[in-house]
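K.L.:
okay, here's the prediction I keep looking at, along with the sequence it came from:
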Amino acid sequence: MDSFLTFLNGFAALADPTILAFMVGGFLVGTFFGAMPGLTSVLAIALLLPITYTIDVVPALVMCAAIFMAGMYSGSITATTINIPGAPSSMMTAVEGHALMKKGHGANALGHAALGSMIGGSIGVLFLMAFMPLAAQLSLLVRTPGKFSLVLFALVVIVIVDKGSIAKGFVAAFLGIMLATIGIDVLQPIPRFSFGTEVLIEGIDLMPLVIGAFAVSEILIQASTRDSELAQSIERAKGLRIRRRDFLPSMEEIRRIGFFTYIKGSIIGYLIGILPGAGGSMAAFVSYAEAQRSSDHPEEYGRGSRQGIAAAESANNSMCSGAFVPMLMFGIPGDPTTAIVLGVLVINGLQPGARLLDNQIDLIAPMFASLFISALILIPLTLWLFGPWFVRIVSIPRGLLYSSIAVVAMVGAYVATYSVFQMSLALVFGVLAYFMRKQNYSTVSMLLGFILGPGLEQYLRRSLSLNDGNPMVFLTSPDSLFFLLLTALFVYLILIRKPKGSKSEREEVAEEMQKYEEEL
């Protein structure tokens, strides 16, 4: 209870006008990036990451949290209006929301999406604050062999939950691990893989890889993509006329959805968020499929189900809070956005772990408060103020938009390190990521492999050195054995176990979801 009250003190920090301005500004930036097809909250935080070098850690984390929550919610805007999800997590919302849009109820669909996001995001933060101390206590039970198995579990799960080729996912993850080995050895002050050059002795910085993999590659992808379908959608969007009162869901509709749908979606989203690499797409899909299974009106799904929108949106916004648990406790990002937030922590000298809550809770609590305020207040307020103009975001000329992003990305890569070489690496990684994405290699797996690789190597070598090189320590240590068995269980459930018989409705929805991802 004391810890929960300590978290509540984080709301006092938001009374500072400067910190409040960073939160509101971050939310607006996240809303823009989340609503624009092809842009995500990951890219928004990556572009703004250099700013964290010049501001204090509290406003930096508050801004990142607001971007995260806003980006997860605002993907439903274009998903509903023009059937182009602004983020992969909004694919199920596109299925139901755009069906309502074609029936003339687009504003109502946006209102239900905002309501689900508000409820799911708020409940997720309450779960985060209530159970984080328990997670901190449990993290103390995980020793060095267990930490190796946990990181291994995270890498395996990240790869196998990807919709693409498992083999390509592992190749991308190993590429990230290989890039992380360049520079000073993790246990000894000895340079390695520097190829005799001084510029590689310090290793590869996180910023060039992030900006290259997400910003530069996205620019190249957009430049090589014909957007005739997008142009037609933009023309349709220009003709929309929406009034503010159209966004308000009726109490009859909310009762028909059922408040338990929001609660169940929030719980599903939070639990899936804790799993490394699962992300908002899986949370939205699982919650949507469960809502369809238990619905009294399953025939409405695929034709404009408000319950489907509520289930998907409450889950993907609740996932935001769950994704912070493994990141703060073990330094293992729950999704790509928290991977970038982890970089903000490291940049400011904060080390994830149980002691982070004991010694530096005053720096973390405002971030939780920002998540809560963004979900409970800023989501409905933003929809009410700017809802009629949301759809206009996609009308910005693509050439102007992406050329501006290119300039910001290159300046950010240089400011982060003040190294022309590291800035050049951003271009190199951008071209590499472009060809990887063209061949369906996961850039997210590469990034998380780069982030988790040093920990994987460090815990492996320490465990072996403390046990005379005996690898059986990973099987005799209870915490390590638990995570290894958990890894085997996930591999069995996702890869080995095959559904029998004909395709179920859930599988058909999964295929449609994958089709949306390919279109993005």
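P.N.:
Great, that's in hand.
K.L.:
pull out the buried residues from the lengthiest helix in the chain.
P.N.:
In the chain, with assignment by DSSP state H, the single longest helix is helix 106-139. Within helix 106-139, the residues that qualify as buried are 106-129, 131-133, 135-136, 139, counting by 16 or more other C-beta atoms under 10 Å. Just so you know, the C-beta spots here come from the backbone N, C-alpha and C atoms, and that holds for glycine as well.
K.L.:
which stretches in the stretch 351-500 of the chain count as helices?
P.N.:
354-359, 361-373, 379-390, 398-417, 420-438, 443-466, 473-476, 478-491 (DSSP state H, counting those that start in this stretch).
K.L.:
if we compare those, which one ends up closest to D56?
P.N.:
helix 361-373 (9.0 Å; C-beta to C-beta).
K.L.:
one step back: what angle separates the longest helix of the chain from helix 379-390?
P.N.:
140 degrees (axes from the mean of the first three to the mean of the last three C-alpha atoms, to 10 degrees).
K.L.:
what angle separates helix 106-139 from helix 361-373?
P.N.:
Going by the same axes, to 10 degrees, helix 106-139 makes 160 degrees with helix 361-373.
K.L.:
including mean neighbour count, distance to I182 and mean pLDDT, could the helices of the stretch 351-500 of the chain go into CSV?
P.N.:
Formatted as CSV, those follow (neighbours: other C-beta atoms under 10 Å; distance: least, C-beta to C-beta, whole Å; pLDDT from 0 to 100):
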stretch, mean neighbour count, distance to I182, mean pLDDT
helix 354-359, 16, 28, 73
helix 361-373, 24, 31, 87
helix 379-390, 18, 42, 76
helix 398-417, 18, 15, 73
helix 420-438, 19, 11, 89
helix 443-466, 21, 10, 84
helix 473-476, 15, 27, 88
helix 478-491, 16, 27, 86
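K.L.:
all the helices of the stretch 1-150 of the chain, residue numbers only.
P.N.:
Under DSSP H, counting those that start in this stretch, the stretch 1-150 of the chain gives helices at 2-8, 10-13, 17-35, 41-48, 57-81, 91-102, 106-139, 144-160.
K.L.:
most packed of these?
P.N.:
helix 57-81 (a mean of 30; mean count of other C-beta atoms under 10 Å).
K.L.:
for that one, the distance to its chain's centre please.
P.N.:
10 Å (C-alpha atoms, centre = their mean, to the nearest Å).
K.L.:
just checking, what packs against that helix?
P.N.:
On a contact count with 3 or more C-beta pairs under 8 Å, 6 or more residues apart in numbering; DSSP states H and E, helix 57-81 meets helix 17-35, helix 41-48, helix 91-102, helix 106-139, helix 306-330, helix 336-347, helix 361-373, helix 379-390.
K.L.:
one more time with 7 Å, if that's ok
P.N.:
When contacts are defined as 3 or more C-beta pairs under 7 Å, 6 or more residues apart in numbering; DSSP states H and E, helix 57-81 packs onto helix 17-35, helix 41-48, helix 91-102, helix 106-139, helix 306-330, helix 336-347, helix 361-373.
K.L.:
out of the ones you listed, which gets nearest to R192?
P.N.:
Once these are compared by C-beta to C-beta, helix 336-347 is nearest, at 20.8 Å.
K.L.:
what's the angle between the closest one and helix 443-466?
P.N.:
With the same axes, to 10 degrees applied, the angle from helix 336-347 to helix 443-466 works out at 50 degrees.
K.L.:
export helix 336-347 as PDB, just CAs?
P.N.:
Written as PDB, here are the backbone C-alpha positions of helix 336-347 (Å, rounded to 0.1, in the frame of the first residue of the first chain):
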ATOM      1  CA  PRO A 336       9.500  -1.900 -29.700                       C
ATOM      2  CA  THR A 337       8.400   1.400 -28.000                       C
ATOM      3  CA  THR A 338       9.600   0.400 -24.600                       C
ATOM      4  CA  ALA A 339      12.900  -0.700 -26.200                       C
ATOM      5  CA  ILE A 340      13.300   3.000 -27.100                       C
ATOM      6  CA  VAL A 341      12.200   4.100 -23.600                       C
ATOM      7  CA  LEU A 342      14.900   1.800 -22.200                       C
ATOM      8  CA  GLY A 343      17.400   3.800 -24.200                       C
ATOM      9  CA  VAL A 344      16.100   6.900 -22.500                       C
ATOM     10  CA  LEU A 345      16.700   5.200 -19.100                       C
ATOM     11  CA  VAL A 346      20.200   4.100 -20.000                       C
ATOM     12  CA  ILE A 347      21.100   7.600 -21.400                       C
END
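K.L.:
what's the angle between it and helix 398-417?
P.N.:
30 degrees.
K.L.:
which of the three states applies to the closest residue to L425 other than its chain neighbours?
P.N.:
For L425, ignoring the flanking residues on the chain, the nearest one in space by C-beta to C-beta, 6 or more residues apart in numbering is P208 at 4.1 Å. Per DSSP: H, G, I helix; E, B strand; the rest coil, the secondary structure class of P208 is helix.
K.L.:
could I get the helices of the stretch 1-150 of the chain as JSON lines with mean pLDDT and distance to I373?
P.N.:
Listed next are the helices of the stretch 1-150 of the chain as JSON lines, based on pLDDT from 0 to 100; distance: least, C-beta to C-beta, whole Å:
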{"stretch": "helix 2-8", "mean pLDDT": "67", "distance to I373": "12"}
{"stretch": "helix 10-13", "mean pLDDT": "83", "distance to I373": "8"}
{"stretch": "helix 17-35", "mean pLDDT": "86", "distance to I373": "7"}
{"stretch": "helix 41-48", "mean pLDDT": "76", "distance to I373": "17"}
{"stretch": "helix 57-81", "mean pLDDT": "84", "distance to I373": "8"}
{"stretch": "helix 91-102", "mean pLDDT": "78", "distance to I373": "23"}
{"stretch": "helix 106-139", "mean pLDDT": "83", "distance to I373": "9"}
{"stretch": "helix 144-160", "mean pLDDT": "80", "distance to I373": "30"}
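K.L.:
how about the ones you listed, which one is nearest M178?
P.N.:
helix 144-160 (13.3 Å).
K.L.:
how far does the next helix or strand after the closest one sit from its chain's centre?
P.N.:
Remark: after helix 144-160, the chain's next helix or strand is helix 166-180, criterion DSSP states H and E. Distance of helix 166-180 from the chain centroid (C-alpha atoms, centre = their mean) equals 19 Å.
K.L.:
paired strands for the helix or strand just after helix 166-180, with orientation please.
P.N.:
Toward the C-terminus, helix 166-180 is succeeded by strand 183-184 as the next helix or strand (DSSP H and E). Here strand 183-184 has these sheet partners by DSSP bridges: strand 191-192 (antiparallel).
K.L.:
not counting the partner strand itself, show me its contacts.
P.N.:
The list of residues contacting strand 191-192 from outside it, by C-beta atoms under 7 Å, 6 or more residues apart in numbering, reads T181, G183, I184, D185, I201.
K.L.:
what's the burial count for the fourth one?
P.N.:
So the one you mean is D185. Number of residues near D185 (other C-beta atoms under 10 Å) recorded here: 15.
K.L.:
now do the one 4 residues further on
P.N.:
Here the count is done by other C-beta under 10 Å, and P189 has 6 residues near it.
K.L.:
ok, now I55?
P.N.:
14.
K.L.:
for G26, find the nearest of the helices of the stretch 351-500 of the chain.
P.N.:
helix 361-373 (7.9 Å).
K.L.:
other SSEs contacting that closest one?
P.N.:
Going by 3+ C-beta pairs under 7 Å, 6+ apart, helix 361-373 lies up against helix 2-8, helix 10-13, helix 17-35, helix 57-81, helix 106-139, helix 306-330.
K.L.:
quick one: that helix to helix 57-81, angle?
P.N.:
20 degrees.
K.L.:
okay, helix 361-373 in CSV with CA atoms only?
P.N.:
Extracted in CSV, the C-alpha atoms of helix 361-373 (Å, rounded to 0.1, in the frame of the first residue of the first chain):
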residue,chain,number,x,y,z
ILE,A,361,11.0,5.8,-7.6
ASP,A,362,10.6,9.6,-7.7
LEU,A,363,11.9,9.5,-11.3
ILE,A,364,9.7,6.7,-12.4
ALA,A,365,6.4,7.6,-10.7
PRO,A,366,5.7,10.7,-12.9
MET,A,367,6.0,8.4,-16.0
PHE,A,368,3.2,6.2,-14.6
ALA,A,369,1.2,9.3,-13.8
SER,A,370,1.7,10.5,-17.4
LEU,A,371,0.3,7.2,-18.7
PHE,A,372,-2.7,7.5,-16.5
ILE,A,373,-3.5,11.1,-17.3
